[in-house]
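1. structure, please.
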Amino acid sequence: MELQEEIKRVKADAPRLAATTEQQRNQALEAMKKALLENQDKIFQANAEDMQQAEKDGVAAPIIKRLKFDEGKMRDVTAGISDLVGLADPLFRTQLKRELDAGLVLERVSCPIGVIGVIFEARPDALVQISALCIKSGNCIVLKGGSEAMKTNKVLFQILLEAVKATGLPAHCMMQLEARSEINALLDCHESVDLLIPRGSNAFVQYIMDHTRIPVMGHADGICHIYVDKDADLEKAIPIIFDAKTQYVSACNTVETLLVHEARVKELMPALKKALDEKAVEIRGTEEIQSLISCEPATEEDNQKEYLDYILSVKTVKDVEEAIAHINHYGSHHTDCIVTENAETANRFMGLVDSAGVYQNCSTRFADGYRYGFGAEVGISTGKLHARGPVGLEGLVSYKYKLIGQGHIVGDYASGTKQFHFKELM
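-> All right, here's what the predicted structure looks like:
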């Protein structure tokens, strides 16, 4: 009950944060960046302790890679904050202005969602990105990070909270949960939390959806595909596949399944295997793939597997239609790519593949809020309501209708004394 009371205080501060100016919120972001740089030794020490504990506990290598917060990650998150400062304010934008009748004007104006709860994986850089996005968009935030990053997250949160409070933002605009048991209490706070964004396994996200009345936005698995078409330029295809699989293997936008047109498979696979061998990528192939290169046999389970590891399943398809059908059946509606020089085929693929991101001739790793110019992202949504794909500033705002009249009453319109004329003012 005490935890829920704390979350109610966050809710009470939401309107105060929503009423701040762009200048105030940008000052808070600048303070966050400065505090991170001034305290980086303290942050790195906490992260080293988390890393040591994770290795001692036998945590999987992809998770340990996400857990690491070093000078490179610090550069990335502080650059991301600077980018956010430079982005236009998503709040108080007039999206619609309409005169319903003389002296009766309707406006639709963007506003924050309110209180956002984010439950995320053991990635300390995600805590910084999420916090900065919520401050810029005027949303209060309740954070719960992965337990493997507990020490790093605690240090980061205290540094960020003190920085924003020092600039005059509401004292309860940020809150951190530490114990896993607190997640269930958060799920019960439907009167105080306006939106939940869970990031993690399919089973975890489904659990969140099944155990709360709070609206949930996000995605579970990231089963991304690349289809190499008969009209593909293989000099483009191999670097694209290599990057999508190996650039950051534990990300949700990493390619997991490769589909190859049967007319190009003999030409592609030997050269692709040579490239992937540099990173010791294990290829799991169908019988036709096995007849061309040395690889492990693929199973039905591989069609629907998010490896988050140096593993790639490969199969042939007879045409783009079969590729589309495979992706829509087995994919997670995250990000899928076609490699082709045929514009008509590309348009068909991008029109019929039912995913948040559909690409031509580029790596699936571009599916990221920072790379889209959103500043950063709180997560990626594979749903179709409110926000889809990388969720940046635009996905963290809602809107309200403002109607200004001069004593107007509905009775006059119901009786026919007055009539609407609906004149657009913008």
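
2. all strands for the stretch 251-400 of the chain, in order.
-> Under the criterion DSSP state E, counting those that start in this stretch, the stretch 251-400 of the chain carries strands at the ranges 255-261, 282-285, 296-297, 311-317, 335-339, 357-360, 379-381, 389-391, 397-404.

3. which residues touch the third one?
-> Just to be clear, that refers to strand 296-297. Here strand 296-297 makes contact (CB atoms under 8 Å, 6 or more residues apart in numbering) with 282, 283, 284, 285, 287, 290. Glycine gets a C-beta too; all of them are placed from N, C-alpha and C.

4. nearest the middle, which residue of the chain would you pick?
-> Per CA atoms, centre = their mean, the C-alpha nearest to the average position across the chain is that of residue 379, at 2.0 Å.

5. mean pLDDT and distance to residue 372 for the strands of the stretch 251-400 of the chain - can I get that in JSON lines?
-> Shown next, in JSON lines, are the strands of the stretch 251-400 of the chain (pLDDT from 0 to 100; distance: least, CB to CB, whole Å):
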{"stretch": "strand 255-261", "mean pLDDT": "98", "distance to residue 372": "18"}
{"stretch": "strand 282-285", "mean pLDDT": "96", "distance to residue 372": "30"}
{"stretch": "strand 296-297", "mean pLDDT": "95", "distance to residue 372": "35"}
{"stretch": "strand 311-317", "mean pLDDT": "97", "distance to residue 372": "25"}
{"stretch": "strand 335-339", "mean pLDDT": "95", "distance to residue 372": "12"}
{"stretch": "strand 357-360", "mean pLDDT": "94", "distance to residue 372": "9"}
{"stretch": "strand 379-381", "mean pLDDT": "77", "distance to residue 372": "11"}
{"stretch": "strand 389-391", "mean pLDDT": "80", "distance to residue 372": "5"}
{"stretch": "strand 397-404", "mean pLDDT": "91", "distance to residue 372": "16"}
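
6. state the number of residues packed around the nearest residue to residue 388 once chain neighbours are set aside.
-> If the residues on either side of it in the chain are set aside, residue 388 comes closest to residue 356, at 4.8 Å by CB to CB, 6 or more residues apart in numbering. Around residue 356 sit 21 other residues, with neighbours defined as other CB atoms under 10 Å.

7. contacts only, for residue 356.
-> Contact analysis of residue 356 by CB under 8 Å, 6+ apart lists 219, 333, 334, 335, 367, 380, 381, 382, 388, 389.

8. surely the last one is in contact with residue 357?
-> Yes. Judged on CB atoms under 8 Å, residue 389 makes contact with residue 357 at a distance of 5.5 Å.

9. anything in contact with each of those two?
-> Joint contacts of residue 389 and residue 357 (CB under 8 Å, 6+ apart) are residue 367.

10. before we move on, the earlier item: deepest in the core, which of the strands of the stretch 251-400 of the chain is it.
-> Highest mean neighbour count among the strands of the stretch 251-400 of the chain (mean count of other CB atoms under 10 Å): strand 335-339, with a mean of 30.

11. and the contacts of it?
-> Here strand 335-339 makes contact (CB under 8 Å, 6+ apart) with 222, 224-229, 232-233, 236-237, 240, 244, 253, 255, 320, 323, 327, 345-346, 349-350, 353, 355-364, 367.

12. strands paired with it, and their directions?
-> Sheet pairing of strand 335-339 (DSSP bridges) gives strand 224-228 (parallel), strand 357-360 (parallel).

13. am I right that residue 161 is in a helix?
-> Yes. Using DSSP: H, G, I helix; E, B strand; the rest coil, the assignment for residue 161 is a helix.

14. that one: neighbour count?
-> Other residues lying near residue 161 total 20 when counted by other CB under 10 Å.

15. same thing with residue 6?
-> Using other CB under 10 Å, residue 6 has 15 neighbouring residues.

16. helix or strand: which one has it?
-> Element membership for residue 6 (DSSP states H and E) is helix 2-18.

17. let me see the contact set for the closest residue in space to residue 342 that isn't next to it in sequence.
-> Using CB to CB, 6+ apart and skipping the chain neighbours, the partner closest in space to residue 342 is residue 231 (4.0 Å). Contact partners of residue 231, counting by CB under 8 Å, 6+ apart, are 340, 341, 342, 345.

18. and what of residue 397?
-> Per CB under 8 Å, 6+ apart, neighbours of residue 397: 90, 91, 110, 111, 112, 113, 137, 138.

19. now the buried members of those.
-> Listed as buried from these are 90, 91, 110, 111, 112, 113, 137, 138; burial here means 16 or more other CB atoms under 10 Å.

20. other residues contacting the helix or strand where the fourth one lies?
-> When elements are defined using DSSP H and E, residue 111 is found to belong to strand 104-112. Residues external to strand 104-112 that are found in contact with it (CB under 8 Å, 6+ apart): 14, 17-18, 90-100, 137-139, 396-406, 408, 425.

21. pLDDT weak spots in the stretch 201-350 of the chain?
-> Where the stretch 201-350 of the chain drops to pLDDT under 70, the residues are 219-220.

22. for it, just list every one of the helices.
-> 202-210, 234-246, 265-277, 287-290, 320-330, 343-352 (DSSP state H, counting those that start in this stretch).
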